[in-house]
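Enquirer: For reference, the sequence and a predicted model appear below.
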Amino acid sequence: MNNIVRVGLIGVGKMGQNHLRILSMLKGIELVFIHDANFETANQLAANYGVVAVDSPLESLENVDAVIIASPTATHAHFIMEVGKKVRNIFVEKPLSSTLAEAEQLVTFAHEFDLNLQVGFIERFNPAVQAIKQVLDRSEKVISIDFTRTNKLSARITDVDVVADLMIHDIDLAMYLNGPVKTVDAHGMVQDGMIDFASALLTHTNGSFSRIQASRVTEKRVRMIQVTCSDKYVDCDLLRKEIIITRQSEIQQLAGEPYTISALEETVEVRSQEALLSEHQAFLGSCNGKKIDDQPGIHAGLNAMIICDQIQKAVLR
């Protein structure tokens with residue numbers, strides 16, 4: 001493939017429009033078409049961005065090198081299996097699919113067609129998360145990580161619960177930062193047949209823990225990560241991109257005094273970078289054979305779905 005990546009975009013709802021905005025800014029890509037079930041919205045956006053809106057994206061695949069799928073979750077598996085027969089490079093928004101069974105089928109399909117598939121775990125590309133990972137990689141031992149993510153229920157989210165909508169981001173981060181999961185415990189609240197609040201405890205194979213809470217019951221919007229290490233405590237606000245590290249107190253002998261205890265607190269400088277832009281750059285780089293180590297592929301999507309399924313079953317039983 002040459003350096004110009006020809007891209008098709010399926011789904012231009014709220015998240016799809018964010019992808020469209022970034023794609024319109026990037027060099028090295030040609031946006032060949034956009035598609036949405038709402039033809040009026042697609043045509044209006046096509047006119048605004050100077051691109052082509054198509055009624056049938058599957059009939060327009062001969063002219064593209066990559067496809068971004070930002071359609072409703074219920075359509076992900078269908079589009080991946082149809083697109084993947086003609087196009088190797090696919091980006092799909094999280095979650096990978098509606099069900100764990102579908103996700104498992106997609107893994108088999110992706111291997112059969114040798115797909116380069118990236119799942120939209122955008123928080124991996126949050127510069128604050130990248131900074132936390134560097135801090136934890138230098139820590140003596142991670143004991144526990146607490147994740148809190150709350151948001152009011154969006155009118156556009158009608159096909160997934162809070163676990164697959166919000167918590168899945170932190171499920172992926174928990175495994176990204178703490179490794180594979182051994183056991184899962186969870187509880188939550190169900191409203192109108194949908195889980196709107198969930199709290200889960202993951203025990204990792206390395207002996208550390210992740211406590212994850214997600215809610216779309218209240219209006220308050222929170223994105224927090226708090227890490228207890230043997231040598232420090234890390235407090236991170238993902239929205240403000242702020243990280244504060246409190247290191248263990250030190251005992252110092254002073255002349256005339258038995259000792260004094262001092263805690264060391266420092267603020268980590270987080271670079272300014274839009275996560276969605278970094279996410280696209282990683283995907284487009286992989287289309288040209290330049291994969292990065294942290295790129296969340298099909299197995300990251302499946303692993304998150306496995307934990308989602310266990311949490312959902314624990315809450316609903």
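Expert: Looks like it arrived, so ask away.
Enquirer: only C-alpha atoms for contact and neighbour calcs from this point on.
Expert: Will do.
Enquirer: Can you verify Q118 is assigned to a strand?
Expert: Yes: the assignment for Q118 is a strand, going by DSSP: H, G, I helix; E, B strand; the rest coil.
Enquirer: give the contact list for it.
Expert: I90, F91, V92, F283, Q295, P296, G297, I298 (Cα atoms under 8 Å, 6 or more residues apart in numbering).
Enquirer: now it: how far from S286?
Expert: As judged by Cα to Cα, to the nearest Å, Q118 and S286 stand 9 Å apart.
Enquirer: quick one: I195 is in a strand?
Expert: Yes: assigned with three-state DSSP, I195 falls within a strand.
Enquirer: Now for it, how many residues are close by?
Expert: For I195, the count of nearby residues is 22 (other Cα atoms under 10 Å).
Enquirer: Over to N3?
Expert: Number of residues near N3 (other Cα under 10 Å) recorded here: 12.
Enquirer: element containing it, please.
Expert: Counting by DSSP states H and E, there is no helix or strand that carries N3.
Enquirer: Provide a list of residues in contact with it.
Expert: When contacts are taken as Cα under 8 Å, 6+ apart, N3 is in contact with G28, N288.
Enquirer: With C287 instead?
Expert: V5, D65, A66, N89, N116.
Enquirer: same thing but 7 Å
Expert: Taking Cα atoms under 7 Å, 6 or more residues apart in numbering, we find C287 in contact with N89.
Enquirer: From the contacts of Q118, which shows the smallest pLDDT?
Expert: Across these, the bottom pLDDT score, 93, is held by Q295.
Enquirer: Ramachandran coordinates for it?
Expert: When read as degrees, to the nearest 10, the backbone of Q295 gives phi -70, psi 120.
Enquirer: That one and N116, how far apart?
Expert: Q295 is 11 Å from N116, by Cα to Cα.
Enquirer: now swap in S24 and tell me
Expert: Distance from S24 to N116, by Cα to Cα: 22 Å.
Enquirer: can you check C229 too?
Expert: Going from C229 to N116 by Cα to Cα gives 36 Å.
Enquirer: Off-centre distance for stretch 104-114?
Expert: Taking the mean of its C-alpha atoms, stretch 104-114 sits 21 Å from the chain's own mean (Cα atoms, centre = their mean, to the nearest Å).
Enquirer: Please point out which parts of that stretch sit buried.
Expert: Buried residues in stretch 104-114, defined by neighbour count with 16 or more other Cα atoms under 10 Å: E104, L106, V107, F109, A110.
Enquirer: next one: stretch 222-230
Expert: Buried positions in stretch 222-230, judged by neighbour count with 16+ other Cα under 10 Å: V222, R223, M224, I225, Q226, V227, T228, C229.
Enquirer: Specify the beta-bridge partners of the first one.
Expert: In this structure, V222 bridges to T150 when assessed by DSSP bridges.
Enquirer: my guess is it contacts L166, does it?
Expert: No: counting by Cα atoms under 7 Å, V222 does not reach L166; the two are 11.1 Å apart.
Enquirer: so what sits against both of these two?
Expert: R149.
Enquirer: Am I right that K313 sits in a helix?
Expert: Yes: if the criterion is three-state DSSP, then K313 is within a helix.
Enquirer: what's the spacing between it and A198?
Expert: The gap separating K313 from A198 is 11 Å, by Cα to Cα.
Enquirer: Likewise for F91?
Expert: The gap separating F91 from A198 is 28 Å, by Cα to Cα.
Enquirer: Quick one, grab the pLDDT at the residue nearest the centre of the chain.
Expert: A centroid search over the chain (Cα atoms, centre = their mean) returns F121, at 1.9 Å, as the residue closest to the centre. pLDDT, F121: 98.
Enquirer: how near is it to A46?
Expert: On the measure of Cα to Cα, F121 and A46 end up 26 Å apart.
Enquirer: for E269, same thing?
Expert: 39 Å.
Enquirer: repeat for K85
Expert: Distance from K85 to A46, by Cα to Cα: 26 Å.
Enquirer: Look at these two and report which has more neighbours.
Expert: Using other Cα under 10 Å as the criterion, K85 and A46 rank with A46 on top: 18 against 14.
Enquirer: isn't that one right up against V52?
Expert: Yes: the pair formed by A46 and V52 meets the contact definition of Cα under 7 Å, at 5.6 Å.
Enquirer: Where do the domain boundaries of this structure fall?
Expert: Domain segmentation of the chain under automatic domain parsing yields 5-121+277-295, 124-273+303-316.
Enquirer: if you average pLDDT over each of those domains, which comes out lowest?
Expert: domain 124-273+303-316 (a mean of 90).
Enquirer: Ends of that one, what's the gap?
Expert: As for domain 124-273+303-316, its first-to-last residue distance stands at 29 Å under the measure Cα to Cα.
Enquirer: again, but for stretch 230-242
Expert: 21 Å.
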